[in-house]
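Next one to model:
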Amino acid sequence: MFAIPLGDDGAELRPLEPWQAGEFLAHMDRGRDFIGRHNGLPDVVTDLASSRAFLQAYAEKTAADTGRICGIWADGRLVGAVIFRRFDVRQGSAEAGCWLEPSAVGRGLVTRAVRVLVDWAVEERGIHRVEWVVSSGNGPSIAVARRLGMTREAVLRESHPYRGARHDEEVWSVLAPEWRAARQAP
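Presented below is the predicted three-dimensional model:
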């Protein structure tokens, strides 16, 4: 299909599709505990059938133009993903998200991959507002939002029940004019 280089280290962004359910499940198994600290996906993708179902749901979102998932490959192995959980061209808004397995942390892969997605959404699809909703306890994800030039708009106190506790969520966003201005700055 296609692969978009994420720099000169060989990392790539590629579509992630249902036929890759086995590879996706292996990735999730490698990162299950780490990813699950702030993301419920490891509780959803537990076997080959649920892996395929998750990827099929995103294939259907892609076909309906309401969401999208792309995998991050490093050293020839799937190590993470970036998504548009919501994608609404009519309203001009989208919500991005991500995860990585531990072996890929600290390389800037998520920041680079989300930049590709946001560039595409803003410049090709006319999205005006991209949101990033993150647990207040997820410092690395908050750091990505900052590196992307997003603005913290709100803290939704105890809004997210997860694994027996209520967690605060932060809403970050970037608007198309802000995105373009930051991309053109030296």
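
helices and strands around the helix or strand harbouring residue 62, which ones?
Here residue 62 sits within helix 48-64, counting by DSSP states H and E. Here helix 48-64 touches helix 21-35, helix 41-44, strand 68-74, going by 3 or more Cβ pairs under 8 Å, 6 or more residues apart in numbering; DSSP states H and E. For glycine as for every other residue, the C-beta is placed from the backbone atoms N, C-alpha and C.

Contacts for stretch 141-151 next, please.
38, 98, 110-111, 114-115, 118, 130, 132, 134-136, 152, 170, 172-174, 178-179, 182 (Cβ atoms under 8 Å, 6 or more residues apart in numbering).

Strands - which of these land there?
Using DSSP state E, the subset of these located in strands is 98, 130, 132, 134, 135, 152, 170, 172, 173, 174.

now the first one: how far from residue 181?
Read that as residue 98. Here the distance between residue 98 and residue 181 works out to 23 Å (Cβ to Cβ, to the nearest Å).

Those two: who's more crowded?
More crowded of residue 98 and residue 181, by other Cβ atoms under 10 Å: residue 98, with 22 against 11.

Can you name the residues bridging to that one?
Per DSSP bridges, residues listed as beta-bridge partners of residue 98: residue 82.

pLDDT weak spots in the protein?
1 (pLDDT under 70).

Centre of it to the edge, which residue is at the far end?
residue 186 (26.0 Å; Cα atoms, centre = their mean).

Now residue 128: closest residue in space that isn't a chain neighbour?
The shortest distance from residue 128 to any non-neighbouring residue, by Cβ to Cβ, 6 or more residues apart in numbering, is to residue 92 (3.7 Å).

Any figure for the gap between the one you found and residue 175?
10 Å.

what residues are shared contacts of those two?
With Cβ under 8 Å, 6+ apart as the test, residue 92 and residue 175 both reach 128, 129.

quick revisit: in a markdown table: the helices and strands packed on helix 48-64, plus distance to residue 140 and mean neighbour count.
Shown next, in a markdown table, are the helices and strands packed on helix 48-64 (distance: least, Cβ to Cβ, whole Å; neighbours: other Cβ atoms under 10 Å):
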| stretch | distance to residue 140 | mean neighbour count |
| --- | --- | --- |
| helix 21-35 | 11 | 18 |
| helix 41-44 | 16 | 15 |
| strand 68-74 | 14 | 23 |
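
follow-up on the earlier one: of the contacts of stretch 141-151, grab the buried ones for ChimeraX.
Buried members of these, defined by 16 or more other Cβ atoms under 10 Å, are picked up in ChimeraX with:
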select :38,98,110,111,114,115,118,130,132,134,135,136,170,172,173,174,178,179
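
sorry, back to before: farthest-apart pair in the ones in strands among the contacts of stretch 141-151, please.
The span of the ones in strands among the contacts of stretch 141-151, defined through Cβ to Cβ, is set by 135 and 174 at 19.1 Å.
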